[in-house]
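>>> sequence unknown, structure follows:
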């Protein structure tokens with residue numbers, strides 16, 4: 001938060017809630033609307049509103065475990081049935097079989113689904129009885145708690161819950177064989193299931209009235225996972241169950257099911273009620289700490305959605321914690337998207353402002369920057385960290401340049417200049433390596449000062465789709481946004497070096513390597529880059545910028561893509577101001593949709609209107625028209641640079657995301673959308689930079705009436 005903005009007000013914010021009522025009819029929304037709860041470690045629980053798993057990633061506990069395990073599917077589901085006082089038994093969970101059988105108890109009994117402070121809540125009605133179900137994952141634990149309680153109706157209900165398991169990596173196909181050696185042990189109401197070498201046991205316990213567990217092992221066969229089928233993957237699999245819990249449910253006695261990979265002493269530290277109260281309190285504080293314009297309405301929902309992506313990676317990569325603790329800090333990172341992404345450098349740096357700074361989590365933002373600074377190699381930060389591994393993969397040409405942008409936004413919001421004492425050496429090393437040339441053909445062309453990149457078989461920009469040996473959008477050569485980011489980095493580093501030389505930043509032995517790096521030299525490199533950019537990148541026939549010049553075939557690419565926005569949306573604009581309005585107009589006319597920007601203009605021969613089908617078909621469309629939600633961020637920035645007084649007009653570009661919060665992953669924003677109406681959401685159901693950029697811009701475009709105590713927006 002900048003010094004001109006007031007500190008967060010102390011009163012607790014109102015509860016955030018997103019609700020959908022269900023009164024019967026077409027059950028399809030119950031299968032296509034999903035929910036997500038995370039634990040701050042990279043682990044999660046997720047499923048459809050109906051309870052029927054449609055993805056390999058749907059389960060009640062996907063635990064984030066130390067390398068080499070990664071994220072593991074520990075608890076799949078709970079098959080739920082209820083016996084009423086009159087003896088009638090009803091099922092209210094869901095499942096789908098390969099023979100076409102579709103059981104959706106929710107379609108018959110569900111009356112309401114909503115998020116309460118970001119947590120999913122179901123309400124079912126069976127006759128006069130109303131049963132509420134909710135679940136949550138305690139922060140920084142591989143634990144899930146599921147609560148059932150009777151809200152209305154007389155008498156005692158008997159609830160039966162059968163846990164289902166398929167112990168596997170969460171990325172493994174649903175057709176993976178079940179582990180035959182699993183065994184169940186029981187001691188005084190505590191149950192443990194183990195048998196997979198190296199994997200901690202799954203611990204189960206029930207809290208409630210007249211609880212019991214019956215050992216009745218079963219293999220339940222041929223479940224259908226319809227989303228996996230649509231994506232061209234194995235889509236039929238079996239699950240195993242050790243038995244079932246039974247318990248009484250009355251108005252004054254709820255039932256809790258606890259499942260965890262944590263040791264019993266941790267599970268015994270808090271009662272389920274205390275754990276829920278602690279989690280709700282944590283979520284209240286998250287909203288209270290956010291920017292004042294983000295404490296109510298859709299922005300408050302996005303504050304809670306943002307929390308899902310900020311993680312402590314030390315449970316999965318122990319070295320991160322050791323290095324951070326040695327310096328007196330903590331390790332933090334950002335999951336790029338759920339369900340299958342890990343932490344990615346590019347996504348982290350683009351998302352940092354929206355996820356951590358707009359939400360008032362500046363300390364964690366600093367930890368994120370320090371965490372990635374420790375991984376600089378040959379002038380690059382990691383592209384991503386593979387699940388279950390300790391080291392990063394470095395094939396990216398832009399993540400390291402986005403690092404400068406993230407540091408700039410951090411300094412602007414927090415005013416913390418001390419961090420530059422730690423970051424100037426790696427930042428300077430990044431620039432040196434790019435000037436000298438580093439991996440993957442990344443380096444400055446000495447003939448014109450422009451930054452080029454490209455290596456056979458690699459996709460180095462954010463348009464990084466690859467199928468086998470086919471790089472769909474290689475963009476080798478001098479890409480427009482790479483040079484915009486490079487120019488911005490040179491200008492930023494020059495300013496920080498001047499501050500260091502002027503004594504505004506603490507000097508020390510660790511900065512000795514930067515003492516001979518004069519900002520005048522950086523300015524000279526930046527100016528040469530700017531001049532060459534002006535000469536090479538303007539495509540006069542279209543009135544916009546080339547996407548790539550000096551491509552691998554020696555040609556310049558005039559495709560209309562959103563990448564040209566970065567030439568003036570960043571702090572230091574490489575594009576001459578007189579060209580901004582025309583570029584903005586072209587992008588607005590050809591790329592803008594209600595939920596983001598197309599990745600390619602519709603008139604291009606390679607344009608794809610739908611992102612659908614098997615992996616090859618999807619990747620062929622991934623950056624060839626498919627709409628990306630996060631790109632609304634640079635568009636809003638560019639809009640306000642061209643129309644600084646039109647804040648209301650900038651806010652209007654965000655309104656299409658509000659109804660989207662009730663589809664796909666309820667309460668979050670998808671990774672991509674089809675390029676044409678109805679702009680069907682696709683790929684990851686919750687994406688970090690989508691949430692981050694919409695939240696950031698929502699606050700940036702907030703009218704004074706939305707900011708308590710503030711009468712103008714600086």
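All right, it came through fine. From a predicted model like this one, the values you see are computed outputs, not experimental measurements.

>>> the longest helix out of those in the chain: how far from the chain's middle?
Counting by DSSP state H, the longest helix found in the chain is helix 480-501. Its chain's C-alpha centre and that of helix 480-501 lie 28 Å apart, by CA atoms, centre = their mean, to the nearest Å.

>>> if you count contacts, what does that helix end up packed against?
helix 399-414, helix 419-436, strand 451-452, helix 519-536, helix 566-569 (3 or more CB pairs under 8 Å, 6 or more residues apart in numbering; DSSP states H and E). Any C-beta I mention is one placed from the backbone N, CA and C, and that applies to glycine too.

>>> format those as JSON lines; extra columns: mean pLDDT, distance to residue 98 and mean neighbour count.
Below are these laid out as JSON lines (pLDDT from 0 to 100; distance: least, CB to CB, whole Å; neighbours: other CB atoms under 10 Å):
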{"stretch": "helix 399-414", "mean pLDDT": "98", "distance to residue 98": "42", "mean neighbour count": "23"}
{"stretch": "helix 419-436", "mean pLDDT": "94", "distance to residue 98": "52", "mean neighbour count": "20"}
{"stretch": "strand 451-452", "mean pLDDT": "98", "distance to residue 98": "51", "mean neighbour count": "23"}
{"stretch": "helix 519-536", "mean pLDDT": "96", "distance to residue 98": "56", "mean neighbour count": "17"}
{"stretch": "helix 566-569", "mean pLDDT": "98", "distance to residue 98": "47", "mean neighbour count": "24"}
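
>>> can you list these in JSON lines and add distance to residue 278?
Formatted as JSON lines, the helices and strands packed on helix 480-501 follow (distance: least, CB to CB, whole Å):
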{"stretch": "helix 399-414", "distance to residue 278": "27"}
{"stretch": "helix 419-436", "distance to residue 278": "31"}
{"stretch": "strand 451-452", "distance to residue 278": "48"}
{"stretch": "helix 519-536", "distance to residue 278": "49"}
{"stretch": "helix 566-569", "distance to residue 278": "40"}
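
>>> and of these, who's closest to residue 213?
When the helices and strands packed on helix 480-501 are compared by CB to CB, helix 399-414 sits nearest residue 213, at 48.8 Å.

>>> scan the protein for its longest strand.
Determined from DSSP state E, the single longest strand within the chain is strand 209-224.

>>> what about the residue located most distally from the centre of the chain, which helix or strand?
Distance from the C-alpha centroid of the chain peaks at residue 86, with 46.7 Å (CA atoms, centre = their mean). No secondary structure element spans residue 86, as it lies outside all helices and strands (assigned by DSSP states H and E).

>>> got the domain ranges for this structure?
17-283, 290-704 (automatic domain parsing).

>>> coming back round to it: what's the per-residue pLDDT of the residue farthest from the centre of the chain here?
On the pLDDT scale, residue 86 is placed at 81.

>>> how near is it to residue 156?
12 Å (CB to CB, to the nearest Å).

>>> now swap in residue 252 and tell me
Distance of residue 252 to residue 156, computed by CB to CB: 11 Å.

>>> mind checking which of the two has more residues around it?
Shown here are residue 252 and residue 156; by other CB atoms under 10 Å, residue 156 has more neighbours (15 against 7).

>>> most tightly surrounded among the domains of the chain?
When those are scored by mean count of other CB atoms under 10 Å, the highest mean neighbour count falls to domain 290-704 (a mean of 21).

>>> end-to-end on it?
16 Å (CA to CA, to the nearest Å).

>>> the helix or strand harbouring residue 257 vs strand 209-224, what angle?
Using DSSP H and E, residue 257 sits within strand 255-260. Angle, strand 255-260 to strand 209-224, by axes from the mean of the first three to the mean of the last three CA atoms, to 10 degrees: 60 degrees.

>>> now do strand 255-260, average pLDDT.
For strand 255-260, the mean per-residue pLDDT is 98.

>>> low-confidence regions, the protein specifically.
Counting by pLDDT under 70, the chain shows low-confidence ranges at 1-17, 19-25, 106, 505-517, 708-714.

>>> distance check, residue 603 against residue 679.
19 Å.

>>> now residue 128
Residue 128 is 42 Å from residue 679, by CB to CB.

>>> let me know the secondary structure of the nearest residue to residue 606 once chain neighbours are set aside.
Once flanking residues are discounted, residue 606 sits nearest to residue 624: 4.9 Å by CB to CB, 6 or more residues apart in numbering. When classified by DSSP: H, G, I helix; E, B strand; the rest coil, residue 624 comes out as coil.

>>> what about residue 288, which helix or strand?
helix 272-289.

>>> now the element after that helix, going C-ward?
Proceeding N to C from helix 272-289, the next assigned helix or strand is helix 297-307, under DSSP H and E.

>>> hang on, residue 369 packs against residue 406?
Yes: the criterion here is CB atoms under 8 Å, and residue 369 meets it with residue 406 at 6.4 Å.

>>> overlap of the contact sets of these two?
Residues touching both residue 369 and residue 406 (CB atoms under 8 Å, 6 or more residues apart in numbering): residue 352.

>>> contacts for the next helix-or-strand element following the longest strand of the chain next, please.
For strand 209-224, the succeeding helix or strand toward the C-terminus, using DSSP H and E, is helix 226-230. With CB under 8 Å, 6+ apart as the test, helix 226-230 has contacts from 31, 54-56, 96, 173-174, 234-235, 612-613.

>>> and these, which is closest to residue 634?
residue 612 (26.3 Å).

>>> relative to residue 27, how far out is that closest one?
22 Å.

>>> name the nearest residue to residue 321, sequence neighbours excluded.
Nearest residue to residue 321, sequence neighbours excluded (CB to CB, 6+ apart): residue 314, at 3.2 Å.

>>> just residue 531 next, same as before
That would be residue 449: by CB to CB, 6+ apart, it lies 7.8 Å from residue 531.

>>> now do residue 586
Using CB to CB, 6+ apart and skipping the chain neighbours, the partner closest in space to residue 586 is residue 544 (4.4 Å).

>>> enumerate every residue touching the one you found.
Counting by CB under 8 Å, 6+ apart, residue 544 has contacts 558, 560, 564, 582-583, 586-587.

>>> surely residue 184 meets residue 240?
No: Residue 184 lies out of contact with residue 240 (CB under 8 Å); the separation is 10.6 Å.

>>> shared neighbours, these two?
Common contacts of residue 184 and residue 240 (CB under 8 Å, 6+ apart): residue 217.

>>> and the helix or strand hosting residue 322, what does it pack onto?
Following DSSP H and E, one finds residue 322 within helix 318-326. Judged by 3+ CB pairs under 8 Å, 6+ apart, helix 318-326 is in contact with helix 362-373.

>>> where does the residue nearest to residue 321 fall, phi/psi-wise?
Dihedral angles of residue 314 (phi, psi; degrees, to the nearest 10) stand at phi -70, psi -20.

>>> measure it to residue 139 for me?
Computed as CB to CB, the residue 314 to residue 139 distance reads 14 Å.

>>> try residue 68
Plainly put, residue 68 is 25 Å away from residue 139 if you go by CB to CB.

>>> ditto for residue 123
Residue 123 is 25 Å from residue 139, by CB to CB.

>>> again, but for residue 658
Separation of residue 658 from residue 139 (CB to CB): 28 Å.

>>> now residue 386
Distance of residue 386 to residue 139, computed by CB to CB: 25 Å.

>>> need the contact list for residue 320.
Contacts of residue 320 were listed using CB under 8 Å, 6+ apart, and they are 313-314, 331, 333, 371, 374.

>>> would JSON lines of those residues with distance to residue 215 be doable?
Below are the contacts of residue 320 laid out as JSON lines (distance: CB to CB, whole Å):
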{"residue": "313", "distance to residue 215": "38"}
{"residue": "314", "distance to residue 215": "37"}
{"residue": "331", "distance to residue 215": "41"}
{"residue": "333", "distance to residue 215": "41"}
{"residue": "371", "distance to residue 215": "45"}
{"residue": "374", "distance to residue 215": "49"}
